[in-house]
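K.L.:
no letters, just coordinates:
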């Protein structure tokens, strides 16, 4: 386990465990309008995707998580989520960089992800980390207000060489 100092607080990244799921779900529900279910997280752990959590060093508690699949020389960042109270402190960048380092160790040479077209903060992070837009996935995400009549939101597909 490794501690990394961001712009406060210091966090430790470690593999996600089943016991983390209540805290991971709480962060997911606070950060996203259409959060993943517990079953999706359980499936990711079951199939051994790269699943990490970020915990505050001086206080117990998960403040972020990241999930990535790696296969056939590629990785796909599936979920990168930071508790709203801890956003803007470098934790998302730290998680992303660790996931990409793990992908390199597994011989991946390209990373892919999707991001809500309206999520300018995340898009800016990904661009600063070397991702380029490679396409648009129409109607990829449920609309933010989740009403059935609200429609769906497009995702930007992004990629970068590792």
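P.N.:
Looks like it came in fine. This one's a predicted model, so the numbers in the text were calculated from it and none came from an experiment.
K.L.:
and residue 140, what does it touch?
P.N.:
Counting by Cβ atoms under 8 Å, 6 or more residues apart in numbering, residue 140 makes contact with 114, 152, 153, 154, 155. In short, each C-beta sits where N, CA and C put it, glycine included.
K.L.:
adjacent strands (with direction) for whichever strand or helix holds it?
P.N.:
Element membership for residue 140 (DSSP states H and E) is strand 132-142. As defined by DSSP bridges, the strand partners of strand 132-142 come to strand 152-161 (antiparallel).
K.L.:
what's in contact with the strand it pairs with?
P.N.:
With Cβ under 8 Å, 6+ apart as the criterion, strand 152-161 contacts 109-118, 123, 126, 129-144.
K.L.:
rerun at 10 Å
P.N.:
Strand 152-161 is contacted from outside by 33-34, 74, 76-77, 100, 109-119, 122-123, 126-127, 129-144, using Cβ atoms under 10 Å, 6 or more residues apart in numbering.
K.L.:
how about residue 32, phi and psi?
P.N.:
Main-chain torsions, residue 32, degrees, to the nearest 10: phi -120, psi 140.
K.L.:
that one: neighbour count?
P.N.:
17 (other Cβ atoms under 10 Å).
K.L.:
torsion angles phi and psi at the spatially closest residue to it that is not a sequence neighbour?
P.N.:
The shortest distance from residue 32 to any non-neighbouring residue, by Cβ to Cβ, 6 or more residues apart in numbering, is to residue 81 (6.7 Å). Reported as degrees, to the nearest 10, the phi and psi values for residue 81 are phi -140, psi 130.
K.L.:
now which of the contacts of residue 140 would you call buried?
P.N.:
114, 153, 155 (16 or more other Cβ atoms under 10 Å).
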